[in-house]
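> After the sequence you'll find the predicted model.
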Amino acid sequence: MGGIYALLALGIHIVYVSTKMINFAHGAVVLIGGLVALSLLGFVRQSHFVILIPIFFAGWGIGIFFNRIVLDPIAKDEHGKRIVCLIAASLVIENLCALIWGKDSIPFPLLPGGEDPVVIWKIRISPQGLWVFGFTVIAVVLTNIFLYKTLLGKALRAVANNETAARIFGIRPKQMISTGFGISMGLAALAGMLISTITMTGGYIAFPLTVKGFTAAMIGGIQRSTSCIVGGLLFGVIESITAGFITTQYREAVVMGILLVILLFRPQGLLGRVDREI
Amino acid sequence: MIIRRIHVGLILIVLLVWLFPIHLQSIMVIATIYSIITIGLNILIGNLGQISLGHAAFYGIGAYASALLTTKLSFPFWISMPLSGMIAGGFGLLVGLTAIRLRLGYLAIGTAAFNIMFEVVTQQWETLTGGVGGFRGIPAPHLGPLAFDSDFKYFCLSFGVFVALFQLSKNILSSRIGYVLSAIKQNEVASSTMGINVNKFKLFFFTLSAFYGGIAGSLLAHYLKFLDPQSFSIVFSVNLLFMCSIGGSGYLWGGIVGALFITLFPEGLSFLAKMSFLPNAVRGLLNEYAYHLMIYGVILYLITAYMPQGMAKFLGGIRISQILKKEKDL
């Protein structure tokens, strides 16, 4: 499970880095990614790898649409309003999905490898979990290269940090923000496909997904991708330890309690730095 | 006591509700209960900019506290209601200690985490809360021989509590605290340099709104006589946020307008669904809950994006920061 949370946290981190904003509709895009992937798989009847690229671009499209319709009309400094609008958008998407695909969760075709756990160093891991984890690692490496090594990524971060200064240097902020949104939403849609191989898809999961991803990101610290991954894994580990040794019923309550305690003493996350901007 | 226009208005509202059909009366009870929560929440969201997604939990704490106090310890309703408000306020203080250190998205998720915690605990702690099956057998409140058992009588009770709490918050806002609040709203940093302890006030209002939530929860418990953990889930927190945003955060009346809107809206849609001139497909859709939520989402978005003051402004509401001015003019 840790891999899933890490993947969700990573998506939220990317939006944060490229737009300095917390995407409350992340779960909704993850949901839509999973559902679109499901329909596509039913349609083309090929392996999962064939539809990776279409799914990414579907997510990209949703991201740009999102940015245009939902966020453009609202002023930059109205953070509270943006959050409310994103929650509203998430609700609309979620219910649209419920109307199209039905309200119940749908099982998702598995990735190659089946469900029988593989034993690595005495730890039993399902191959599906390994796929998610592998994808997360690849995604971290690629996004880090993209954000810190390429010109486009640097421009993205520049806009997030100081829009006016970025504009002086000849970067178009609107284009950059929409690109950032597109990329992160594309990743979210891919994540949706991978996650649904483990947890199934459909139903009202968008908001819980957002909360869990964000919790993971906050446990680690939202500013760096590595700390997000650590947070995600920690989330998963805490959850399984509580389930294994203390109680399965109160699993979620324990994790959320730990989050509140962490927020009380280290609002910036365990590995995070203090960011005065937000 | 001088009879003012407002008193006549209040009596007229009660009389009007008396004329309503039973089914609409019960909706009005729910609307007043929601309004009570939104009074507190609205100050928090509109004037302190703190988006809380955890108020359904305080509402639930109030409801369960009151239910337990009356059934297990056989307290009368009149003691258990303020007590449950205080218990919810106490939890609000605890969560508030974390909440005042957070802002915006962080705060929203932190409070949402609290709500999830509450949800899990109420679902699992079956000996205390009855678990998923729900909590049954909560007595109806009574005053001497008068039992508040019908919808209309209960409306009178909850409306009375609502008016009292509304007046209380209005009084708080027209005292020194109101000045501080408008200063914080204008500029947080500047007001803290003027010697205002911003965090203390945030904590105060967080606790106050939790207290209001607790009272509302207690009223709900004794009205429904049955509690179900589902009704205090995070979905309800989001709904509360809607009420405040739709009605207009920062207006004292805003939350009330929002609460009325949210409770009457599904009624309106199902009324439309009965219309025979609409095609059957549309009528089927109007009965679909998912569709309702989708329309909510669109309306919420449109209002926050294009009508940031909310509906209250168009209905002639008074901004919280203007109350002070009004009081001076009188």
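Sure, I can see it. Numbers count the residues shown, from 1 in each chain, chains lettered A, B, ... in the order given.
> From now on I want contacts and neighbour counts done on CA atoms only, so please keep to that.
Fine.
> Quick one: name the residues of the stretch 1-150 of chain B near chain A.
B:49, B:51, B:97-98, B:101-105, B:109-110, B:112-114, B:116-118, B:120-121, B:124 (C-alpha under 8 Å from any C-alpha of the partner chain).
> pLDDT wise, what is the closest residue to A:Gln249 other than its chain neighbours at?
Distances taken as C-alpha to C-alpha, 6 or more residues apart in numbering or on different chains place B:Gln124 nearest to A:Gln249, at 6.4 Å, with adjacent residues excluded. pLDDT recorded at B:Gln124 is 77.
> tell me what the longest helix that chain A contains is packed against?
Longest helix of chain A, by residue count under DSSP state H: helix A:173-199. Helix A:173-199 makes packing contacts with helix A:2-19, helix A:26-44, helix A:52-66, helix A:127-149, helix A:151-161, helix A:163-168 when contacts are defined by 3 or more C-alpha pairs under 8 Å, 6 or more residues apart in numbering or on different chains; DSSP states H and E.
> Out of those, flag the one nearest chain B.
helix A:2-19 (11.1 Å; C-alpha to the nearest C-alpha).
> Just the CA trace of that closest one, in PDB.
Output of helix A:2-19 as PDB, limited to C-alpha atoms (Å, rounded to 0.1, in the frame of the first residue of the first chain):
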ATOM      1  CA  GLY A   2       2.900   2.300   0.700                       C
ATOM      2  CA  GLY A   3       3.600   2.600  -3.000                       C
ATOM      3  CA  ILE A   4       0.100   3.900  -3.700                       C
ATOM      4  CA  TYR A   5       0.300   6.600  -1.100                       C
ATOM      5  CA  ALA A   6       3.800   7.500  -2.300                       C
ATOM      6  CA  LEU A   7       2.400   7.800  -5.900                       C
ATOM      7  CA  LEU A   8      -0.500  10.000  -4.700                       C
ATOM      8  CA  ALA A   9       1.800  12.200  -2.600                       C
ATOM      9  CA  LEU A  10       4.200  12.600  -5.600                       C
ATOM     10  CA  GLY A  11       1.300  13.900  -7.800                       C
ATOM     11  CA  ILE A  12       0.400  16.400  -5.200                       C
ATOM     12  CA  HIS A  13       4.000  17.400  -4.800                       C
ATOM     13  CA  ILE A  14       4.400  18.100  -8.500                       C
ATOM     14  CA  VAL A  15       1.400  20.400  -8.600                       C
ATOM     15  CA  TYR A  16       2.800  22.100  -5.500                       C
ATOM     16  CA  VAL A  17       6.200  22.700  -7.000                       C
ATOM     17  CA  SER A  18       4.900  23.900 -10.300                       C
ATOM     18  CA  THR A  19       2.000  26.100  -9.100                       C
END
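> Now do the contacts for the residue nearest the centre of chain B.
Computing the C-alpha centroid of chain B and ranking residues by C-alpha atoms, centre = their mean puts B:Ile37 first, at 2.0 Å. B:Ile37 sits next to B:59, B:209, B:212-213, B:216 when contact means C-alpha atoms under 8 Å, 6 or more residues apart in numbering or on different chains.
> any idea which helix or strand carries it?
Using DSSP states H and E, B:Ile37 maps to helix B:22-42.
> average model confidence for that helix?
83.
> pLDDT averaged over the helix or strand following it - what is it?
Using DSSP H and E, the helix or strand that follows helix B:22-42 in sequence is helix B:48. For helix B:48, mean pLDDT is 76.
> what helices or strands is the very next helix or strand once past helix B:48 leaning on?
Next in sequence after helix B:48, counting helices and strands by DSSP H and E, comes helix B:55-71. The contact analysis (3+ C-alpha pairs under 8 Å, 6+ apart) places helix B:55-71 against helix B:77-99, helix B:104-124, helix B:198-224, helix B:234-247.
> Helix B:55-71 vs helix B:234-247, what angle?
Counting by axes from the mean of the first three to the mean of the last three C-alpha atoms, to 10 degrees, helix B:55-71 lies at 120 degrees to helix B:234-247.
> pLDDT averaged over helix B:55-71, what's the number?
Mean predicted lDDT for helix B:55-71 stands at 86.
> so can I have CSV of the helices and strands packed on helix A:173-199 showing distance to chain B and mean pLDDT?
As requested, the helices and strands packed on helix A:173-199 are exported to CSV (distance: least, C-alpha to the nearest C-alpha, whole Å; pLDDT from 0 to 100):
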stretch, distance to chain B, mean pLDDT
helix A:2-19, 11, 79
helix A:26-44, 13, 77
helix A:52-66, 12, 80
helix A:127-149, 23, 79
helix A:151-161, 17, 79
helix A:163-168, 21, 78
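> closest one to B:His292 among those helices?
helix A:26-44 (17.5 Å; C-alpha to C-alpha).
> Give me the residues contacting that closest one.
Helix A:26-44 is contacted by residues A:11-12, A:47-48, A:51, A:55, A:58-59, A:62, A:90-91, A:93-94, A:97, A:101, A:108-109, A:185, A:188-196, A:201-202, A:205-210 when judged by C-alpha under 8 Å, 6+ apart.
> And for stretch A:53-68?
A:29, A:33, A:36-37, A:178-179, A:181-190.
> Out of those, which comes closest to A:Leu233?
A:Ala188 (17.9 Å).
> any idea what sits nearest the closest one, other than its immediate chain neighbours?
A:Val30 (5.1 Å).
> gap between that neighbour and A:Cys85?
Distance of A:Val30 to A:Cys85, computed by C-alpha to C-alpha, to the nearest Å: 18 Å.
> Low-confidence bits of chain B, can you list those?
B:1-6, B:103, B:131-133, B:144, B:248-251, B:275-289, B:308-330 (pLDDT under 70).
> So what's the residue count around residue 257?
Defaulting to chain A. Residues contacting A:Gly257 under the criterion other C-alpha atoms under 10 Å in any protein chain shown number 16.
> My question was about chain B, not that one.
24.
> A:Gly180 too?
With other C-alpha under 10 Å as criterion, A:Gly180 counts 28.
> and it, what is it in contact with?
Counting by C-alpha under 8 Å, 6+ apart, A:Gly180 has contacts A:14-15, A:18-19, A:156.
> Try it again at 6 Å.
By C-alpha atoms under 6 Å, 6 or more residues apart in numbering or on different chains, the contact set of A:Gly180 is A:Ser18.
> And the helix or strand hosting A:Ala98, what does it pack against?
Here A:Ala98, judged by DSSP H and E, is contained in helix A:79-101. Applying 3 or more C-alpha pairs under 6 Å, 6 or more residues apart in numbering or on different chains; DSSP states H and E, we find helix A:79-101 packed against helix B:289-306.
> Tell me if the helix it packs on is near chain A.
Yes: Helix B:289-306 reaches chain A (C-alpha under 6 Å from any C-alpha of the partner chain) through B:290, B:294, B:297, B:301, B:305.
> tilt between that helix and helix A:79-101?
Using the same axes, to 10 degrees: helix B:289-306 against helix A:79-101 is 150 degrees.
> Mind giving me the packing neighbours of helix B:289-306?
By 3+ C-alpha pairs under 6 Å, 6+ apart, helix B:289-306 packs against helix A:79-101.
> angle of the helix it packs on against helix A:26-44?
30 degrees.
> Identify the residues contacting helix A:79-101?
Under the criterion C-alpha under 6 Å, 6+ apart, residues A:24-25, A:28, B:290, B:294, B:297, B:301 lie in contact with helix A:79-101.
> now, the most widely separated pair of the residues you listed?
Farthest apart among the contacts of helix A:79-101 - using C-alpha to C-alpha - are A:Phe24 and B:Ala290, which lie 19.4 Å from each other.
> And the two? Which one has more around it.
A:Phe24 (27 against 21).
> For the more buried one, which three-state class applies?
Here A:Phe24 is recorded as coil under DSSP: H, G, I helix; E, B strand; the rest coil.
> quick one, what contacts it?
By C-alpha under 6 Å, 6+ apart, the neighbours of A:Phe24 are A:86-87.
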